[in-house]
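**Student:** sequence and predicted structure are below.
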Amino acid sequence: MGDKRDTIASALQAVPWLASAEPAILLDIGVGARVSPVQHKQTLAHGGRAIDHLIVIAQGQIELSLSSAVGKRRVVGILGPGQVFGLIAAIDGSAVIHDAEANGPGAVVLVPRACLLQ
């Protein structure tokens, strides 16, 4: 159990805008978070759909892409450790713009909306 808590704390501390937060704030944010291992090509979010958690990349890379109406996929970015995906959508319940897919094996920390809003 401590191992997962350490992974969550390390992942949150690696996010630049959380790095200077008080330890108690990080603890509050991380209390409901969970570590999720990801496999290569695993889809974490679909563009146009709402998500109820912030995705913090702990290990590996997440590829962001857009798909056209005819199914052509265009990669628009790659996120790595210390970066996040879906902050606005996680806070206000809106849809994410991009598809998010694991670009190799790794791990993400999923922080529920409720933890972000407290």
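**Tutor:** Good, I have the coordinates. Here the structure is a predicted model, which means the values were calculated and not measured. Residues are numbered from 1 along each chain as shown.

**Student:** any idea which helix or strand carries the spatially closest residue to residue 77 that is not a sequence neighbour?
**Tutor:** Of all residues not flanking residue 77 in the chain, residue 64 sits nearest, at 4.3 Å (Cβ to Cβ, 6 or more residues apart in numbering). C-beta coordinates here come from the backbone N, C-alpha and C atoms, glycine included. Applying DSSP states H and E as the criterion places residue 64 in strand 62-67.

**Student:** same for that strand, what does it pack against?
**Tutor:** Using 3 or more Cβ pairs under 8 Å, 6 or more residues apart in numbering; DSSP states H and E, the elements in contact with strand 62-67 are strand 73-79, strand 99-102.

**Student:** okay, it in PDB with CA atoms only?
**Tutor:** Only the C-alpha atoms of strand 62-67 are listed here, as PDB (Å, rounded to 0.1, in the frame of the first residue of the first chain):
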ATOM      1  CA  ILE A  62       0.700   9.400 -23.400                       C
ATOM      2  CA  GLU A  63       0.000  10.300 -27.000                       C
ATOM      3  CA  LEU A  64      -2.700  12.900 -27.700                       C
ATOM      4  CA  SER A  65      -4.400  12.700 -31.100                       C
ATOM      5  CA  LEU A  66      -7.400  14.000 -33.000                       C
ATOM      6  CA  SER A  67      -9.400  11.900 -35.500                       C
END
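
**Student:** what does the top helix by length along the chain rub up against?
**Tutor:** Looking across the chain with DSSP state H, the single longest helix is helix 2-13. Contact with helix 2-13 is made by 18-19, 26, 29-30, 33-35, 56-58, 81-82, 107, 109, 111, as judged by Cβ atoms under 8 Å, 6 or more residues apart in numbering.

**Student:** shaky segments in the chain?
**Tutor:** Scanning the chain with the threshold set as pLDDT under 70 gives 1-2.

**Student:** any idea which residue of it is furthest from its center?
**Tutor:** In the chain, the residue that sits farthest from the middle, by Cα atoms, centre = their mean, is residue 70; the gap is 27.6 Å.
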